[in-house]
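*Asks:* no sequence for this one, just the structure:
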């Protein structure tokens with residue numbers, strides 16, 4: 001990585017264990033795509049619910065040559081609850097109740113970021129392969 005990755009905690013005190021986990025996951029991402037220019041991770045605590053658990057939001061922003069990979073992992077409501085348009089919601093109304101733990105939300109965000117980076121690498125390889133196939137045809141035309 002060209003620029004040191006940034007890990008930010010909003011609404012919570014810094015957690016050294018969670019930051020170490022995030023930095024280890026960033027290092028694993030770099031194995032899939034060594035072209036990463038910079039990375040920024042924001043972990044924030046959403047609304048607090050004493051009875052139903054906490055809701056964590058994680059944003060992973062990875063810059064690679066030519067594009068940004070941005071993953072926003074927020075707790076979402078189940079479709080039936082969304083259709084009712086209720087004013088107040090409960091933790092069990094979420095489609096993924098695992099977001100009550102910060103480490104689970106971070107893990108899921110990095111899994112999505114990994115898949116998006118793998119897609120980016122495939123697109124780049126496919127583009128290079130197509131360019132290499134076109135070169136001999138261009139060189140043959142130039143010689144004639």
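*Replies:* Nice, thanks for sending it over. Since the model is a prediction, treat every value here as computed from it, not as a measurement. Numbering: from 1, shown residues only.

*Asks:* can I assume residue 3 sits in a strand?
*Replies:* No - using DSSP: H, G, I helix; E, B strand; the rest coil, the assignment for residue 3 is coil, not a strand.

*Asks:* packing partners for the biggest helix by length in the chain?
*Replies:* Taking DSSP state H as the criterion, the chain has its longest helix at helix 102-143. Contacts defined by 3 or more C-beta pairs under 8 Å, 6 or more residues apart in numbering; DSSP states H and E place helix 102-143 against helix 16-32, strand 38-49, strand 53-64, strand 67-73. Bear in mind the C-beta positions are built from the backbone N, C-alpha and C, glycine included.

*Asks:* looks like residue 25 contacts residue 110 (just checking).
*Replies:* Yes - if you go by C-beta atoms under 8 Å, residue 25 and residue 110 touch, sitting 4.5 Å apart.

*Asks:* out of the helices and strands in this structure, which is least certain?
*Replies:* helix 79-84 (a mean of 59; mean pLDDT, DSSP states H and E).

*Asks:* tell me how many other residues crowd the nearest residue to residue 70 once chain neighbours are set aside.
*Replies:* Excluding the flanking residues, the one nearest residue 70 by C-beta to C-beta, 6 or more residues apart in numbering is residue 61, at 5.1 Å. Per other C-beta atoms under 10 Å, the neighbour tally for residue 61 reads 17.

*Asks:* same question for residue 131.
*Replies:* So residue 131, with other C-beta under 10 Å, has 9 neighbours.

*Asks:* what's the distance between it and residue 34?
*Replies:* 20 Å (C-beta to C-beta, to the nearest Å).

*Asks:* how about residue 129?
*Replies:* From residue 129 to residue 34 the distance is 18 Å (C-beta to C-beta).
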